[in-house]
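A.B. asks: model this:
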Amino acid sequence: MSKMKLPKTQLVKTTNTRSKEQEEEAYLSRKMNRYEQEQKQKLVELGQGPKPYRDILSFLKNEIDMSTKMTNFRYELLCFRDDGVYQLNKAIEKLYGVSRADNAQGPSGKQNIETIDVKLANGSRVKVPYGQIDMPDMGEGAGINIKYNIDNNILYVQGSCEFKYASFIDDIIDETKRGLANESIFKNQAIEIGENCIPKVLDISNIEDEFMILSEKTEYELRPLMSRIQFPERCIQRGVPLKTGVLLEGPYGTGKKWEWCNCIP
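C.D. replies: Numbers count the residues shown, from 1 in each chain. Have a look, this model is predicted:
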């Protein structure tokens, strides 16, 4: 027998203080300094090696061209739309310091900036940019475009930047993944998946915080459900469908609703 316990754009966003601006500028500067140091080291090693002078000049020319060349990127994040967009904008804000949505250009001129309304765990609401986010410091026309596919719950993050900033985009995506894993807006919330795979937070304040004792047989039969909830990426890699149903049977007062809530991470 074991015990289980019920788990208790803005359009233009600027930094609030000068110190925070300086920290963000310093972060980008450090990234560029590391990039430059790596390139300098490559040049030193090349100069000390057996390669002829013309090859070194060719290397320098190529590096000059590549440093300002625009490169495309594309990432896919498995998540709910609101959570993914919110965490992505938080990551951009934290590392880049500004999250600015671009006006869409239509046949009749500028259109309204696209944002989505995100409800946070504390009940407050924020509007975050969705669509094109400009990042002009990373090259002419540089930016991130956000799209979501409700059929497979994939957030597509794509865009372009100068080649020398490509690792910075990697940092933004890594920070987004960290936010999704550790600071999800649905963390410790009971949710119901509604139409278009949009989660609805359920009020379970009337559920008492008590221990529930499960038999080994019950615990064993719940493993397929718990595996899908706790290890979704492993299930996807092994071809196990995430959508599944479980019928809890038992008379009134035996803890069916408690156990269902316990399954919500």
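A.B. asks: following the helix or strand Lys217 falls within, which helix or strand shows up next?
C.D. replies: Using DSSP states H and E, Lys217 falls within helix 216-221. Next in sequence after helix 216-221, counting helices and strands by DSSP H and E, comes helix 223-230.
A.B. asks: Can you spell out which helices and strands pack onto that next one?
C.D. replies: helix 232-237 (3 or more C-beta pairs under 8 Å, 6 or more residues apart in numbering; DSSP states H and E). C-beta: built from backbone N, CA, C; applies to glycine.
A.B. asks: before we move on, back to that, please identify the buried residues of the helix holding Lys217?
C.D. replies: For helix 216-221, burial by neighbour count (16 or more other C-beta atoms under 10 Å) applies to Thr218.
A.B. asks: Likewise for stretch 163-171?
C.D. replies: Applying a neighbour-count criterion of 16+ other C-beta under 10 Å, one finds 163-165, 168-169, 171 buried in stretch 163-171.
A.B. asks: Am I right that Lys51 is in a helix?
C.D. replies: No. Using DSSP: H, G, I helix; E, B strand; the rest coil, the assignment for Lys51 is coil, not a helix.
A.B. asks: Spit out the contact partners of it.
C.D. replies: By C-beta atoms under 8 Å, 6 or more residues apart in numbering, no residues touch Lys51.
A.B. asks: where does Lys187 fall, helix, sheet strand or coil?
C.D. replies: Going by three-state DSSP: Lys187 is coil.
A.B. asks: Apart from its chain neighbours, what residue comes closest to it?
C.D. replies: The shortest distance from Lys187 to any non-neighbouring residue, by C-beta to C-beta, 6 or more residues apart in numbering, is to Ala121 (6.8 Å).
A.B. asks: Flag every buried residue along stretch 65-73.
C.D. replies: Quick answer for stretch 65-73 (16+ other C-beta under 10 Å): Thr71.
A.B. asks: what's the span of it, first residue to last?
C.D. replies: 18 Å (C-alpha to C-alpha, to the nearest Å).
A.B. asks: Turn the buried residues of stretch 163-171 into a markdown table, including secondary structure, pLDDT and distance to Asn152.
C.D. replies: Shown next, in a markdown table, are those (DSSP: H, G, I helix; E, B strand; the rest coil; pLDDT from 0 to 100; distance: C-beta to C-beta, whole Å):
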| residue | secondary structure | pLDDT | distance to Asn152 |
| --- | --- | --- | --- |
| Phe163 | helix | 85 | 30 |
| Lys164 | helix | 81 | 33 |
| Tyr165 | helix | 85 | 29 |
| Phe168 | helix | 86 | 28 |
| Ile169 | helix | 90 | 23 |
| Asp171 | helix | 90 | 26 |
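A.B. asks: with those residues in mind, which one is nearest to Ile116?
C.D. replies: Set against Ile116, the nearest of the buried residues of stretch 163-171 by C-beta to C-beta is Ile169 (21.5 Å).
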